[in-house]
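Enquirer: below: sequence and its predicted model.
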Amino acid sequence: MGLTGSGQTAGRGAKGVARAEAVGKASGYGLPCANCHLYYPASLEACPTCNSKERVSPKVALPVRKAQAVSEPAPDNTALEQEREAFLKEFKSQLFAAHAEVANAPVLCSLTERHADECEPATICKPCYDRLQERVDVCEAALHIDLKEAAQIVYDAVWADPSDPAKTYSNAAAALLAELRKRSGVSSLLGPFQPLGN
């Protein structure tokens, strides 16, 4: 019995050494498992996941070539150009017809509450009207000058040049008008109704 036990121990020892050498050795991956398709090292006899000893070759999906459809012959270039020209002519005629409808449509004023009669056709476009309305709003805001501010402007103009009492009123008026022009953004262009400055 002693021999058998020591022989078995020796046999186990040899397998353990072989396994230890196999584990210590770097080995590449082998084929995948037949059951779970897990790639495991070629040095292992069985799959570490499902313990199956069978391996299969890897499945590589090859590109499937589809049968090429019979290509239609290329259309004649002149026929294609004629088709394009006909389409463009039709499209342009539809575009002009739509534009004519829009141009001939009656334009109604957005301020209908101010019109007792029919609306007249507009002679100014909306963006220009909006710009003019902004300018009028600025001028109107300049006319709402505070009484104290206006009095201070007149006072400063009167006492700026006290040498000639006859000019005090004109100096005050000129200063007040200059301030209103500045606030409203009106340029001081020389015209028939504007006196020359000093």
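Expert: Ah, there it is.
Enquirer: which residue ranges of the chain form strands?
Expert: Applying DSSP state E to the chain gives strands spanning 29-32, 39-41.
Enquirer: those: which one's closest to residue 73?
Expert: Nearest to residue 73, of all these, is strand 29-32, at 49.4 Å by Cβ to Cβ. In this view, the C-beta of every residue, glycine as well, is placed from N, C-alpha and C.
Enquirer: what's the mean pLDDT across the closest one?
Expert: What strand 29-32 shows for mean pLDDT is 78.
Enquirer: for residue 126, which of the strands of the chain is the nearest?
Expert: strand 39-41 (73.6 Å).
Enquirer: show me what the closest one is packed up against.
Expert: strand 29-32 (3 or more Cβ pairs under 8 Å, 6 or more residues apart in numbering; DSSP states H and E).
Enquirer: tell me which residues are up against the strand it packs on.
Expert: Here strand 29-32 makes contact (Cβ atoms under 8 Å, 6 or more residues apart in numbering) with 38-42, 44, 55-58.
Enquirer: picking up where we left off before, CSV for the strands of the chain, including distance to residue 135 and mean neighbour count?
Expert: Below are the strands of the chain laid out as CSV (distance: least, Cβ to Cβ, whole Å; neighbours: other Cβ atoms under 10 Å):
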stretch, distance to residue 135, mean neighbour count
strand 29-32, 83, 14
strand 39-41, 81, 15
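Enquirer: and the ones you listed as a markdown table, adding distance to residue 83?
Expert: As requested, the strands of the chain are exported to a markdown table (distance: least, Cβ to Cβ, whole Å):
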| stretch | distance to residue 83 |
| --- | --- |
| strand 29-32 | 58 |
| strand 39-41 | 59 |
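Enquirer: out of those strands, which is closest to residue 177?
Expert: strand 39-41 (95.5 Å).
Enquirer: so what are the sheet partners of the closest one and their directions?
Expert: If you go by DSSP bridges, strand 39-41 pairs up with strand 29-32 (antiparallel).
Enquirer: you'd agree residue 33 is up against residue 47?
Expert: Yes - with contact defined as Cβ atoms under 8 Å, residue 33 and residue 47 form a contacting pair (4.0 Å).
Enquirer: which neighbours do those two share?
Expert: Counting by Cβ under 8 Å, 6+ apart, the common neighbours of residue 33 and residue 47 are residue 40.
Enquirer: need the helices for the protein, in chain order.
Expert: Listed from the start of the chain, the chain has helices (DSSP state H) covering 2-24, 77-104, 126-143, 147-160, 168-184.
Enquirer: from these, which stretch is densest packed?
Expert: Neighbour counts (mean count of other Cβ atoms under 10 Å) averaged over each of these peak at helix 168-184, with a mean of 15.
Enquirer: which strands and helices lie in contact with that helix?
Expert: Applying 3+ Cβ pairs under 8 Å, 6+ apart, one finds that helix 168-184 makes contact with helix 126-143, helix 147-160.
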